[in-house]
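Undergrad: no sequence for this one, just the structure:
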């Protein structure tokens, strides 16, 4: 099973989109363990949205869509619903 996820940094009004086969450890990495990379600059993160897929291929396709312009609009709509309005 693979999880496509959207993280949200309310402090910096940023989103991050990714996929993993182990959401708990991946989230821990984004929020605490990683010492380099894009996500360390915008901590803390919360999991704003997840979707489950049976295959890695399907998860990658969905991740790529969510990283597109239309996909980011979808993700920001979820953020606005859950956390209030922003200029995302």
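TA: Ah, there it is. Please read all numbers here as calculations on a predicted model, not as lab measurements.

Undergrad: now do the same contact list for the closest residue to residue 54 other than its chain neighbours.
TA: Here the nearest residue to residue 54 in space, its sequence neighbours aside, is residue 1; by Cβ to Cβ, 6 or more residues apart in numbering that works out to 6.7 Å. All C-beta spots, glycine's among them, are computed from the backbone N, C-alpha and C. Residues counted as contacts of residue 1 (Cβ atoms under 8 Å, 6 or more residues apart in numbering) are 21, 52, 53, 54.

Undergrad: how far does stretch 18-31 stretch from one end to the other?
TA: 14 Å (Cα to Cα, to the nearest Å).

Undergrad: and that stretch, how far out from the chain middle?
TA: 10 Å (Cα atoms, centre = their mean, to the nearest Å).

Undergrad: could I get the average pLDDT for it?
TA: When the per-residue pLDDT values of stretch 18-31 are averaged, the result is 97.

Undergrad: and that stretch, what's buried?
TA: 18, 19, 20, 23, 26, 27, 29, 30, 31 (16 or more other Cβ atoms under 10 Å).

Undergrad: contacts for the helix ranked longest in the chain next, please.
TA: Using DSSP state H, we find that the single longest helix of the chain is helix 69-83. Defining contact as Cβ under 8 Å, 6+ apart, one finds that helix 69-83 is touched by 6, 8, 10, 15, 17, 48, 49, 64, 65, 66, 86, 88.

Undergrad: dump those residues to TSV, plus neighbour count, secondary structure and distance to residue 40.
TA: Conversion of those to TSV gives the following (neighbours: other Cβ atoms under 10 Å; DSSP: H, G, I helix; E, B strand; the rest coil; distance: Cβ to Cβ, whole Å):
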residue	neighbour count	secondary structure	distance to residue 40
6	24	strand	18
8	25	strand	15
10	15	coil	16
15	21	strand	15
17	20	strand	16
48	21	strand	18
49	19	strand	21
64	13	helix	23
65	14	helix	26
66	22	helix	21
86	13	coil	21
88	14	coil	20
